[in-house]
Structure formats: structure tokens, C-alpha cells
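Participant: output the structure for:
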Amino acid sequence: MPIDLEDRGQALENEYFHRKEKELIAKMKAKLEDESAVNLEISCPKCDGTLVESEFEDIKIDVCNKCSGVWLDAGELTHVVDHEKDGGWFGKIFG
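Facilitator: Here you go, the predicted model:
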């Protein structure tokens, strides 16, 4: 059964665009990974240090690398208090 030249041309064209789309998708994924890897440094409100995200019992908090100050984002204090209500000293103070 002979292959029609028009069908062959369309198949080659589809293959070409499929390959180009895959390359474009790979470039876009690499760009998104680079953008998400950018570290947004936040300055400490108390000193000129940098806040580093740390984890305290499954709660992400910010700790200064110079003065060791602890800074909480919105809602994080309530998570700590709720977690400590079972008898922790922090929960007794704020609970």
C-alpha cells in the first residue's frame, strides 16, 4: 500500500510541532523551577539580621540569624497556643 505524500507531509509536520512543544514545555518548567528557587530574604525588624524559616513542632516560624529573635506570621501564634493547651507552659500563659 503506497503512502500518500500529503499524509507523509502532515505526519512530519505534526512530529515537528510536537517536538517543538515538548522543548518549549521543558524550557517553561525550568524557568518556573528557577523562579521558585529564588530565596526572598526578609530582614529582621529588630536588627540587621536575616530571618530564616525554621520548623517548631510542624509550625513554620521565622528566626533571626543574628539576634535569635523569633517572629511569627499571621495565625502561627494561634497554632502554637492550640498545640500547647495540653499542658505546655506557653499554652498556660496565652491560653
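
Participant: okay, CA-based contacts and neighbour counts for the rest of this
Facilitator: OK.

Participant: quick one, phi/psi of residue 54?
Facilitator: When read as degrees, to the nearest 10, the backbone of residue 54 gives phi -130, psi 170.

Participant: how much space is there between it and residue 4?
Facilitator: As judged by C-alpha to C-alpha, to the nearest Å, residue 54 and residue 4 stand 64 Å apart.

Participant: those two - which one has more neighbours?
Facilitator: Of the pair residue 54 and residue 4, residue 54 is the one with more neighbours under other C-alpha atoms under 10 Å, namely 14 against 8.

Participant: going along the chain, name the helices of the chain.
Facilitator: Secondary structure of the chain (DSSP state H): helices at 5-36, 76-84, 89-94.

Participant: the ones you listed: lowest mean pLDDT?
Facilitator: With a mean of 60, helix 89-94 has the lowest mean pLDDT of the helices of the chain.

Participant: tell me how many other residues crowd residue 59.
Facilitator: Neighbour count of residue 59, defined by other C-alpha under 10 Å: 13.

Participant: do I have it right that it meets residue 79?
Facilitator: Yes - at 7.3 Å, residue 59 counts as touching residue 79 under the criterion of C-alpha atoms under 8 Å.

Participant: picking up where we left off before, quick check: which of the helices of the chain is buried the most?
Facilitator: For these, the largest average neighbour count (mean count of other C-alpha atoms under 10 Å) is found in helix 76-84, namely a mean of 16.

Participant: just the pLDDT for the closest residue to residue 71 other than its chain neighbours.
Facilitator: Among residues not flanking residue 71 along the chain, residue 62 sits closest, at 5.0 Å (C-alpha to C-alpha, 6 or more residues apart in numbering). The model reports residue 62 with a pLDDT of 87.

Participant: show me what contacts residue 62?
Facilitator: 51, 52, 53, 54, 70, 71, 72, 73 (C-alpha atoms under 8 Å, 6 or more residues apart in numbering).
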